[in-house]
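Asker: Next input, structure requested:
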Amino acid sequence: MAEPIQSYKSHARWVPAFHFFVLPVLLINAIVSAGRLIRNPSGMTAWGFVVTVALFLGMFLLRGMPLRAQDRIIRLEERARFERLLPGDLRGRVGELSTAQFIALRFAPDDEVPDLTRRALDGELKTQADIKRAIKNWRPDTLRV
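Answerer: Just a heads-up that it's a prediction; the model follows:
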């Protein structure tokens, strides 16, 4: 099955089971648990609320850790790609790019990388969104966490 075309507007990664089931269920559980604690303050309802908060926080950490590892891999991949694509004056400045800028530049096709990198390093493109909006021909990344 072919992957859908990606663009700035459609590149967000939604995991339906996580975003539309797990998180809402945990949020509702936190609200119910807080209500129980308020209506019937006791050691058990307090403990139930603590466990609820721990589960909710744990879900964010479980999602965040692989994303952080993915960001490090993207930074490494893009550094190697930039060695091949950038002219010498920019190659020496790659270390000035933030991880967020590397992450945004991964969507740029090879022919757009030098110009976008120069603009990012010169401060014209400050945020991930600025860089992503400046990309003319989106290079999809379908292997994201």
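
Asker: Could you report the distance from Ile38 to Phe56?
Answerer: 17 Å (Cβ to Cβ, to the nearest Å). All C-beta atoms are positioned from the backbone trio N, CA, C, and that covers glycine.

Asker: The two: who's more crowded?
Answerer: Per other Cβ atoms under 10 Å, whichever of Ile38 and Phe56 has more neighbours is Phe56, with 16 against 10.

Asker: Just the pLDDT at the residue nearest to that one when sequence neighbours are not counted, thanks.
Answerer: Nearest non-adjacent residue to Phe56, counting by Cβ to Cβ, 6 or more residues apart in numbering: Leu26, 4.8 Å away. Here, the pLDDT recorded for Leu26 equals 94.

Asker: likewise Ala12?
Answerer: In the predicted model, Ala12 carries a pLDDT score of 73.

Asker: SS state for it?
Answerer: Secondary structure, DSSP: H, G, I helix; E, B strand; the rest coil: Ala12 is coil.

Asker: Tell me how many other residues crowd it.
Answerer: With other Cβ under 10 Å as criterion, Ala12 counts 9.

Asker: By mean pLDDT, point me to the weakest helix or strand of the chain.
Answerer: helix 16-17 (a mean of 90; mean pLDDT, DSSP states H and E).

Asker: And the next helix or strand past it?
Answerer: Downstream of helix 16-17, the next assigned helix or strand under DSSP states H and E is helix 23-39.

Asker: and after that next one, which helix or strand comes next?
Answerer: Sequence-wise, the next helix or strand downstream of helix 23-39 (DSSP H and E) is helix 43-85.

Asker: So which elements touch that next one?
Answerer: The elements that helix 43-85 packs onto, with contact taken as 3 or more Cβ pairs under 8 Å, 6 or more residues apart in numbering; DSSP states H and E, are helix 23-39, helix 88-91, helix 99-105, helix 113-121.

Asker: quick one: low-confidence ranges for the protein?
Answerer: Counting by pLDDT under 70, the ranges of the chain that qualify are 1-4, 10.

Asker: Show me how far the least confident helix or strand of the chain is from its chain's centre.
Answerer: 17 Å (Cα atoms, centre = their mean, to the nearest Å).

Asker: And for stretch 53-66?
Answerer: 15 Å.
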